[in-house]
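[1] Sequence below, structure please.
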Amino acid sequence: MSDITYPDRGIPEALQEKLKAQYGEGFGEILAAFEKERPVTFRVNRLKADEKRVLQEFAGMTLRRAAFYEDAFILVDASERDVQKTALYEEGGIYLQSLSSMLPPLFVEPEAGESILDMTAAPGGKTTQLSALSGGGALITACERDKFRFERLRYNVEKQGAPRVTLLNEDARTLSPYFRFDKVLLDAPCSGSGTLSLSNPVRWSEKLLAKCVLLRRALLKKAFELLKPGGTLVYSTCSVLREENEEAISSLKGARLVPLAPPEGVPLLPSAEGTLCVEPDGLFEGFFVAKLQKLA
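    As a prediction, this is how the structure comes out:
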């Protein structure tokens, strides 16, 4: 095992063993990344603001743009509370969001007029990003089964001014089979093995992992049922474990993997060809993304 210890966090031994078995020598670097405190990151909401307004709001502060996405910004030596005090945040002109979680909507490539399903949408970061990327023109259906989280989703969609979004307080697995979508985003519930940090208490357990694996299978099956022939599914998790990622999508029938190009400046772990597994580090959380097309 690695000589890195976690006296305050207690990374479960079973998780450490899984990471070691999957990533070999890279295991220690992943554990070390869990100890790093990432800077504040946010996305400018093009439905309400632009880069000029962002630069004005944070003048005098150290602000950097992420290489992979022009709307992603990194704020150094500041807290989320500092961002929340700004008028731009209050107006919904920006959205606090991790860099890794901004990736899936980019691969959906939403366009005006398309019907898009966000299957597990709360708290709304990806839903509102899909809307902004389409210039407010995509027809988005956002599902969230938990009532509390649904209200948070509703709040963020309204605050961000995302139009043409239908909100459903419903389990996406129960959606009528008569629905048909051009594209589906499934940011699936997972064990969170890629998002551990000093500020994010450990929730990981083998029981949670097994529960999430079963849930994802049902969600993936439903996603493909609701897709139009030729439609695309973007599947993502905040996990770096193979059983939640490559193994999950390998069970899909009638699907073609659409290879993803590595985004500029995003650190990657080894993963199945055509997929992306983001390596946790001082900027990014561990994340997995794959894109599949439903064959006719």
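[2] what secondary structure does Phe288 sit in?
    strand (DSSP: H, G, I helix; E, B strand; the rest coil).
[3] ok, now which ones touch the nearest residue to it once chain neighbours are set aside?
    Spatial nearest neighbour of Phe288, chain neighbours left out: Asn245 (4.1 Å); criterion: Cβ to Cβ, 6 or more residues apart in numbering. The C-beta positions use only the backbone N, C-alpha and C, and glycine is treated the same way. Contact analysis of Asn245 by Cβ atoms under 8 Å, 6 or more residues apart in numbering lists 237, 239, 271, 275, 277, 288, 290.
[4] In contact with the second one, which residues?
    Meaning Ser239. The neighbours of Ser239, taking Cβ under 8 Å, 6+ apart as the test, are 190-194, 245, 286, 288.
[5] and if we set it to 6 Å?
    By Cβ atoms under 6 Å, 6 or more residues apart in numbering, the residues touching Ser239 are 190-191, 193-194.
[6] Which entries within those residues meet the buried criterion?
    190-191, 193-194 (16 or more other Cβ atoms under 10 Å).
[7] ok so, going back, out of the contacts of Asn245, who has the most neighbours?
    Highest neighbour count within those, by other Cβ atoms under 10 Å: Phe288, with 31 neighbours.
[8] what's across from that residue in the sheet?
    Thr237, Cys277 (DSSP bridges).
[9] my guess is it contacts Val278, does it?
    No - the pair Phe288 / Val278 is not scored as a contact, 7.4 Å apart, by Cβ atoms under 6 Å.
[10] Please tell me how far Gly125 sits from Ala138.
    16 Å (Cβ to Cβ, to the nearest Å).
[11] When those two are compared, which one has more neighbours?
    Ala138 (24 against 21).
[12] what about Lys52, neighbour count?
    Count around Lys52 with other Cβ under 10 Å applied: 8.
[13] That one is in what secondary structure piece?
    helix 51-57 (DSSP states H and E).
[14] helices or strands up against that helix?
    When contacts are defined as 3 or more Cβ pairs under 6 Å, 6 or more residues apart in numbering; DSSP states H and E, helix 51-57 packs onto no helix or strand at all.
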